[in-house]
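A.B. asks: what's the 3D shape of this:
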Amino acid sequence: MTDRSDNFLQGPLAGKLFRFAVPVAFTIICEQLVNGTDVLVLGQFVGPEAMAVVGNDMPVLTLLISFLKYMASPTLDMKKVLAYFKE
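C.D. replies: Predicted coordinates:
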């Protein structure tokens, strides 16, 4: 089985950054679509108070989701990073 992990420290960087940025951008767009749909539906059927609650909690949810994405990131493999700097 071949190792498909991208090594950002060697070789050209542009393609690797693009392959990394596309899923991140897609996730952000999906999160904004969900938030917009929530605000639209609540504004139409529930009222402005419910719409305000959804609008106010989005920064907290975005921070939480971003933190969890960071913690789950495969780039946090510290053994590989430390091994690289020990060479």
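
A.B. asks: for the strand or helix carrying residue 49, the distance to its chain's centre please.
C.D. replies: Following DSSP states H and E, one finds residue 49 within helix 48-71. Offset of helix 48-71 from its chain centre (CA atoms, centre = their mean, to the nearest Å): 13 Å.

A.B. asks: Packing partners of it?
C.D. replies: Applying 3 or more CB pairs under 8 Å, 6 or more residues apart in numbering; DSSP states H and E, one finds that helix 48-71 contacts helix 14-45. Every C-beta, even on glycine, is put in place using the N, C-alpha and C of the backbone.

A.B. asks: So for this structure, the centremost residue is which one?
C.D. replies: Centroid-nearest residue in the chain, with CA atoms, centre = their mean: residue 24, separated by 5.0 Å.

A.B. asks: Could you list the low-pLDDT ranges of the protein?
C.D. replies: Residue ranges of the chain with pLDDT under 70: 1-6, 8, 74-79, 81, 87.

A.B. asks: what's around residue 43, how many residues?
C.D. replies: Neighbourhood size, residue 43 [other CB atoms under 10 Å]: 15.

A.B. asks: residues touching the residue nearest to the centre of the chain, list them.
C.D. replies: Residues near residue 24 by CB atoms under 8 Å, 6 or more residues apart in numbering: none.

A.B. asks: roughly how far apart are it and residue 66?
C.D. replies: Distance of residue 24 to residue 66, computed by CB to CB, to the nearest Å: 10 Å.
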